[in-house]
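Colleague: Show me the folded form of this:
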Amino acid sequence: MTPDCARHADALNRIRMLLATEGAAPGLRLYITTYPGRRFDKELDHQAVDEFTPQDFQAVRYLGVSVSYRIREWLAAEGREAGHGKRPRLIPIYDQDRIGSKLEVSQSDLWETMWCALRDRGVRQLLQDIQADVTEAADLSLLRVLNIVVRMSAPHGQLGRTGTRALNTPSP
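Modeller: A predicted model of the protein is given here:
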């Protein structure tokens, strides 16, 4: 079922504002070169695409997350049988303080919000421009670039206080 992107219009406008700030690319670069979370993308087991491995559980620790042994066992057995394979390039990372509060979205709305953002040509173009400015981000998905830029942006309420890139009007 296709999400109703009009329902997420406010969050999409906040995303556009965050991506248009001149701090977007430097924030992405700072994260990729200095923050522990940068190792998440490199440490994932990219060979085992349909199953979670011990290497994957180690990788999420760089995001400040630990997965209990009970959940690990479930993902390795029942979860795998139910088709819950890993898709790291498709999963937005949610953090209430760094993502939810800035976009004013709940964890349950994050997937739809990000889906709508990535379907917007203007947002995709801004993400591609930011990614092109940060050579270290070349291997990241646009979703991960978006996630990091939001995470590294100014606190909510301070948006728009820095210079901006050319802000495209929203397009489907």
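Colleague: which element is the nearest residue to Ile148 once chain neighbours are set aside on?
Modeller: Distances taken as CB to CB, 6 or more residues apart in numbering put Tyr31 closest to Ile148, at 4.9 Å, once the chain neighbours are dropped. The C-beta positions use only the backbone N, C-alpha and C, and glycine is treated the same way. Assessed by DSSP states H and E, Tyr31 sits inside helix 24-34.
Colleague: end-to-end on stretch 52-72?
Modeller: Using CA to CA, to the nearest Å, the end-to-end distance of stretch 52-72 comes out at 8 Å.
Colleague: quick one on the thing from earlier: for the residue nearest to Ile148, grab the count of nearby residues.
Modeller: The number of residues packed near Tyr31 is 21, by other CB atoms under 10 Å.
Colleague: cool, and Gly64?
Modeller: 10.
Colleague: which residues sit in contact with it?
Modeller: 36-37 (CB atoms under 8 Å, 6 or more residues apart in numbering).
Colleague: what kind of secondary structure is it in?
Modeller: coil (DSSP: H, G, I helix; E, B strand; the rest coil).
Colleague: Which of the helices or strands spans the residue nearest the centre of the chain?
Modeller: Geometric centre of the chain, nearest residue: Asn147, 2.5 Å, by CA atoms, centre = their mean. Asn147 is part of helix 142-152 when elements are defined by DSSP H and E.
Colleague: What's the first helix or strand after the helix or strand of the chain with the lowest mean pLDDT?
Modeller: When each helix and strand of the chain is scored by mean pLDDT, DSSP states H and E, helix 78-81 comes last, with a mean of 64. Using DSSP H and E, the next helix or strand after helix 78-81 towards the C-terminus is helix 101-103.
Colleague: residues touching Arg39, list them.
Modeller: With CB under 8 Å, 6+ apart, Arg39 has these contacts: 59, 62.
Colleague: 6 Å instead?
Modeller: Tyr62 (CB atoms under 6 Å, 6 or more residues apart in numbering).
Colleague: Next, give phi and psi for it.
Modeller: phi -80, psi -20 (degrees, to the nearest 10).
Colleague: rewinding a little: and the helix holding Tyr31, what's buried?
Modeller: Within helix 24-34, the residues scored as buried using 16 or more other CB atoms under 10 Å are 24-25, 27-29, 31-32.
Colleague: Give me the helices and strands touching it, please.
Modeller: helix 121-133, helix 142-152 (3 or more CB pairs under 6 Å, 6 or more residues apart in numbering; DSSP states H and E).
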